[in-house]
Structures are given as C-alpha cells and as structure tokens.
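> Here's my sequence, what's the structure:
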Amino acid sequence: MRKVPSLVDLCVQVAIDNVRYLGDVGETESHLLDRVLFHCTLDQLRHVEDSTKGRDLSPITDKMWKKFYESQFGKDSMNTVIQRMKQKKVTIKWRKLYEAKLEEREKKTEDSLARIKQHYEQERAKKMSRQVQVCNKVPPSSSKRYFFGGSLYDTKSPLMKKARREFVNSREVKNLACLKRDSVIKNTSANLPSSSSSPLPSPSKFIKPPPRRFH
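Prediction:
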C-alpha cells in the first residue's frame with residue numbers, strides 16, 4: 001500500500017518544483033533547506049545565498065559548493081585543496097574556494113589569449129615586412145654606348161664589362177653587323193645612276209648658233 005505523503009513532504013516537493021523562484025529563505029529550518037537547496041543549480045544556489053539577509057547558509061550549502069568545485073575542476077584539484085587546508089590547519093568555505101579557482105582559471109585564459117594575440121601580431125608584422133620592401137631606383141648613367149641601334153650603359157662594374165664584351169663578341173651580334181653592312185652596300189649601289197638609263201646631253205645643245213646678218 002502506497003504511503004500517503006505528509007503535509008511537510010508536499011510542501012518540500014512544491015519548493016523543489018519551483019526552486020528557480022526561491023530567494024530569501026528567512027528562518028526556514030535547516031533540514032528542510034537541505035532537502036530543497038540540494039536541487040539548485042550553481043547560479044540558483046548563489047542567488048538564494050545572496051538574497052537571504054541576516055542568515056549564514058554556508059553550514060547548509062558548503063557541501064553543495066564542494067560538489068560544484070569537484071564537478072568543475074576535478075577530483076584531484078579538490079583533494080589537493082583539502083590536503084593543503086589540513087597542512088595549514090585552516091578551513092575555507094568551498095564557495096570562496098570555487099570563486100577563487102574560477103578567477104584564477106579565467107586569468108590564465110586571458111593571459112593565454114593575450115600571448116596568442118601578441119604572437120599572431122608579431123607573425124603578421126614579419127609577413128608584412130617581407131612583402132613590403134623599399135627599392136631605391138638608381139638612375140641610369142648619362143654616358144651610353146650604342147651598338148647597332150641598341151644601347152648599353154657604360155658602367156664600371158667588372159661584371160657588366162664582361163657581359164658587354166661577351167655580347168659584342170657573340171656570333172649573333174657579328175651576324176647582325178654583317179647583315180647591316182650588306183644592306184648598306186646594296187642601298188648605296190641602288191641609289192647610283194646608271195650610264196644607260198640617263199645619257200649625258202650633247203654639248204651642241206648648249207652652244208648658241210651665230211646670229212644672222214641682213215644686208
């Protein structure tokens with residue numbers, strides 16, 4: 001036969017079902033709060049503690065904050081904290097331990113993000129410095145040497161002198177010189193007048209006949 005719940009049990013169950021609406025719990029008995037607050041989330045438990053005025057709920061909620069600490073940071077971290085408190089013979093509320101550990105983690109996360117950002121900016125600056133290079137353009141020398149319609153800058157660099165000598169003595173340049181020389185000879189021969197095409201005028205055409213005398 002099913003047991004009929006008592007009025008207290010019904011009130012506790014209603015409080016559990018509406019735990020998200022809890023605030024100042026006033027002078028509610030501790031054993032009842034223990035049954036109700038056990039079902040709170042971390043934010044809900046914090047809200048109840050902060051809303052309750054004139055009463056310290058840590059004797060009831062401390063074990064709950066210990067559970068949240070273990071869930072968030074691991075059992076090893078929790079055992080380390082317990083061991084340190086035993087060595088120093090101190091007792092710290094688990095809510096304070098939780099909030100201090102959370103702040104420490106957030107600080108480490110911010111520092112890590114700052115280092116990553118700084119490293120990214122340094123790498124980006126290096127990349128930009130490799131892309132942007134200042135080029136000082138040296139104006140060409142006014143003295144030039146011309147070779148068959150082209151020009152070579154007169155420079156004192158041994159490398160340029162050697163390159164120029166190899167260019168002048170190359171077979172391609174010599175062949176080009178021969179072709180230009182033959183072209184000049186052909187053009188000159190074509191412009192000379194031919195003896196058969198334009199005969200010289202007779203000298204008699206330029207001598208005036210003697211005038212006639214009339215008696």
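
> Strands of the chain, start to end?
Under the criterion DSSP state E, the chain carries strands at the ranges 144-147, 150-153.

> Quick check: the closest residue to residue 38 other than its chain neighbours vs residue 14, distance?
Excluding the flanking residues, the one nearest residue 38 by Cβ to Cβ, 6 or more residues apart in numbering is residue 64, at 6.7 Å. Just so you know, the C-beta spots here come from the backbone N, C-alpha and C atoms, and that holds for glycine as well. Between residue 64 and residue 14 the computed distance is 20 Å (Cβ to Cβ, to the nearest Å).

> Neighbours of the residue nearest to residue 38, how many?
21 (other Cβ atoms under 10 Å).

> Contact partners for it?
37-38, 40, 45 (Cβ atoms under 8 Å, 6 or more residues apart in numbering).

> Which of these fall within helices?
37, 45 (DSSP state H).

> Among the contacts of residue 64, which pair sits farthest apart?
38 and 45 (9.4 Å; Cβ to Cβ).

> Which residue of those two possesses the greater neighbour count?
Between residue 38 and residue 45, counting by other Cβ under 10 Å, residue 45 is the more crowded of the two (22 against 15).

> do you know how far residue 170 is from residue 108?
Where residue 108 is concerned, residue 170 sits at a distance of 71 Å (Cβ to Cβ).

> typed the wrong thing, it's residue 84
With distances taken as Cβ to Cβ, residue 84 is found 19 Å from residue 108.

> Then residue 24?
Computed with Cβ to Cβ, the distance linking residue 24 and residue 108 is 36 Å.

> residues near residue 76, how many?
With neighbours defined by other Cβ under 10 Å, the count for residue 76 comes to 9.

> next one: the one 4 residues further on
Residue 80 is flanked by 12 other residues according to other Cβ under 10 Å.

> Next up, the contacts around it.
Applying Cβ under 8 Å, 6+ apart, no residues qualify as near residue 80.
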